[in-house]
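> sharing a model prediction with you, sequence too.
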Amino acid sequence: MESKVRSILIAGVGGQGVLKASDILSAVIIEAGMDVKKSEVHGMAQRGGCVTSHVRYGSRVYSPLARKGDVDLILSFEKLETLRYLDYLKEGGRVIINDLEVYPPSVNMGEAEYPPNVIDLVADHVDTVEVIDASEKAARLGDPRMVNTILLGVLSRHMDIDTAVWEKVLRKTFPPKVVGKNIEAFHLGRKD
Amino acid sequence: MKVLMSGNEAIARGAYECGVTFAAAYPGTPSTEITEEFSKYEGVYAEWSPNEKVALEVAIGASLAGANAMAVMKHVGVNVAADPLFTVSYTGTNGGLVIVTADDPSLHSSQNEQDNRNYAKFAKIPMIEPSDSAEAKDFIRIAFEIARKFDTPVFLRTTTRLSHSKSVVETGEPKPSGAVLEIRHDPRKYVMVPANARLRRLAVEERMKKLAEFAETFPENRIEMNDPSMGIVAAGMAYSYAREAFPEASFLKLGMVHPIPAGMIRAFAARVDRLYVVEELDPFLEEQIRALGLPVAGKEHLPFTNEFDPGIVETALSGKAANVKALPQVTIPPRPPNLCPGCPHRGLFYVLGKTKTFVAGDIGCYTLSFMKPLAGLHSCICMGASVGMAHGMSKALGEGGHGKVVGVIGDSTFIHSGITSLLNTVYNQSDVVIVICDNRTTAMTGMQQHPATGYTLQGARTRQLDIPSLGTVLGIENVRVINPLDLKETREVIKEELERKGPSLVVAQSPCALLLKKKGGEEKPLRIDPDVCTGCKVCLGLGCPAISWRKFDAETEKTFKKKTKKQEGIAVIDRDLCNGCTLCSQVCKFKAVEEAK
């Protein structure tokens, strides 16, 4: 019997590094000896709009897309984007939210309201919510782009994969100049 | 070596490994990366052709010279290439010829959702369809094997989900193709005058018969017997969804979707209690299975539109509602794709949106200008349509249409299929203003080169098409070049050209903001001085993602020194997003925009 497939949904806004994060995560899963499939969006779907990636892994994965109500963990790079995909989460699933607001155009133009209580809404809806100030942490590390590595560190706490495997993949992913900083960022997320 | 590859990367890798040496394509989501990745391998030739028709003709030529050649395009690209497609089916080829069609269920990045499996049947060309990256890599090899064995062009169909999902692929070493490059004369095969074409027509039917026999023993058409109470016929990504939704069911997994293996389907139907077809978009397989006289269920349960996922398949076929919690009761503001901060299209469409004209639009990033607040584009049908449509509208309106009709088209799109239509505006003399949004790249698909960039796919310098000169050569008397980031100039020139009789060409030239960023151009972000901003909101009319509205909260309301009694807030610029294009400072009457320190 094939073992249970686990699904992680990463959500964010174009340009935040969602696809990069899902690439790293998938590489880690392969390195750990499992099968993986991931989905992503390109082209017009990407231009500053919502970006999501499903990462699914286990001994044998067929579909790169998760079904609604079947995602084990949502890793959200932006608060509002969490709400958009909450129906993908399974009963008892976990949500990790980066404490960051990026306003959609209608909010920018003053025509719509950015929901003021996103974290409460999510907390009312699911059992386990973690809020991480990853963008602030990344800024303190001196590079806002490292938000995705920090969030992967947070995510890694909920996956049964050795730190050494994560480090090995991070070393392969980043150019020598920024590897050290990224490993530091990963551990900053993992320890918290 | 085990690596994670997208379907597109896997097709490129598979092509390289099996000795494909030639690819021609026009970029189009979700197919673009196939050609880009393929071009990076040693010893291959790859080109961006001006459009898909040219790309297919180029690939046909290469194949007639004995090469294994592929033409790569998105689903609607096959419409453009349909003319050579239907007749190369008659001639067959010399080397191998494979057409990769990348369909887009759910219209992630397309103007329609056509199911290109219909082309296989229509043009009498076999089509194979992989279901993940590992198969994608194998199937491109198989496509060429079939092409050479049956002297036929072959379709490899992918969908967005296959092209842009990643899964594990085992890479291998490239093998020599064994292709013999030579010129072969065979007029009866290659000159499709009626007398010859009638004979080839018979050869096509004969070939389809042989392919149907081949399909019966083709190893990628396989029966996976499990619980016989439910038998599912599926191919491509739909197979992956169904396989996961019903792990206990029996499957007939089709690697080849045209022609179908009728005998195998009959045999499978006989072994299962209930037969289902799971396929996205059209009931392509279902109708053919039904025509075999077999009772089968499919589209009576499954949607005709959009891509599936395992949940959709399970709910549809089992009739049981999925265990999904409703979203929290709150309005979630949408986050549609938008023009980037600093995008030169914003200046042009800010101006066009304020003219009382009909702006016939085209395919590209600028299509996004139809949205509020710019609302400066009023139609979008297909690549190149804007120029012809504007001409037709102007002709139909007659005198009443003078100064009222504009056609806008991107630089890459103009070269793709706008040139002949522009010639038509001159030949048949309409009062249109055609604007070429020349941002020096094929931006939407990720900045590919084209003839007017002066560089090839590989980044080698080549002869650069001069678009304004081309306009002149075609006979346009009024060719104007403007910088769309200069609003005053843009406004004046558009106004002048709208007033003029006869066709005008305005080339709005300014590089794509992402291209500038890629080239490491210096950015001077701006800020809005809160002490000067009157909260008039004019800058918000640009729809720039870097500018947002901050309504005063209760505290600020009391302390802020308002410029007018009615002031409700101020506009602010996100300096991390701003590239200093200055459009906002040009529209601000109060000079509140300044360089950020």
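In hand now; what should we look at?

> how many residues are close by B:Lys354?
Look at B:Lys354: counted by other Cβ atoms under 10 Å in any protein chain shown, it has 14 neighbours. To be clear about C-beta, it is placed using only N, CA and C from the backbone, and glycine gets the same treatment.

> if you could redo that for B:Cys365, that was the one I meant.
The number of residues packed near B:Cys365 is 24, by other Cβ under 10 Å.

> would you agree A:Leu73 falls within a strand?
Yes: membership of A:Leu73 in a strand is supported by DSSP: H, G, I helix; E, B strand; the rest coil.

> dig out what it forms beta bridges with.
Assessed by DSSP bridges, A:Leu73 has beta-bridge partners A:Ile8, A:Arg94.

> how close does it sit to B:Ser417?
With distances taken as Cβ to Cβ, to the nearest Å, A:Leu73 is found 46 Å from B:Ser417.

> and for B:Thr315?
For B:Thr315 relative to B:Ser417 (Cβ to Cβ), the value is 41 Å.

> B:Gly311 too?
For B:Gly311 relative to B:Ser417 (Cβ to Cβ), the value is 39 Å.

> residues touching A:Val51, list them.
Going by Cβ atoms under 8 Å, 6 or more residues apart in numbering or on different chains, A:Val51 touches A:Ala11, A:Gly12, A:Val13, A:Gly14, A:Gln16, A:Val18, A:Leu19, A:Glu40, A:Val41.

> which pair of these spans the longest distance?
Pairwise distances across those peak at 14.1 Å for A:Val13 and A:Glu40 (criterion: Cβ to Cβ).

> so where is chain A shaky, pLDDT-wise?
Low-confidence segments of chain A, defined by pLDDT under 70, span residues A:1-3, A:42-47, A:192.

> what's the neighbour count on A:Pro64?
Residues near A:Pro64, counting by other Cβ under 10 Å, number 27.

> related to what we said a few turns ago, so for A:Leu73 and B:Ser417, which sits in the more crowded spot?
For A:Leu73 and B:Ser417, the more surrounded residue by other Cβ under 10 Å is B:Ser417, and the numbers stand at 23 against 20.

> what's the longest helix in the chain?
No chain was given, so I picked chain A. Ranked by residue count and defined by DSSP state H, the top helix of chain A is helix A:176-191.

> sorry, I should have been clearer: chain B.
For chain B, the longest helix by residue count, based on DSSP H, is helix B:194-217.

> packing partners for that helix?
Packing partners of helix B:194-217 (3 or more Cβ pairs under 8 Å, 6 or more residues apart in numbering or on different chains; DSSP states H and E): helix B:82-91, helix B:133-150, helix B:187-190, helix B:262-271.

> quick one, the first one and helix B:194-217 angle?
Here the directions of helix B:82-91 and helix B:194-217 differ by 80 degrees (axes from the mean of the first three to the mean of the last three Cα atoms, to 10 degrees).

> quick one: strands adjacent to the next helix or strand after helix B:82-91?
Toward the C-terminus, helix B:82-91 is succeeded by strand B:97-103 as the next helix or strand (DSSP states H and E). In the sheet, strand B:97-103 lines up against strand B:69-74 (parallel), strand B:154-159 (parallel) (DSSP bridges).

> ok so, going back, any residues touching the longest helix of chain A, and which ones?
Residues outside helix A:176-191 that contact it (Cβ under 8 Å, 6+ apart): A:132, A:134, A:137-138, A:141-143, A:146, A:149-157, A:163, A:166-167, A:170-171, A:173-174.
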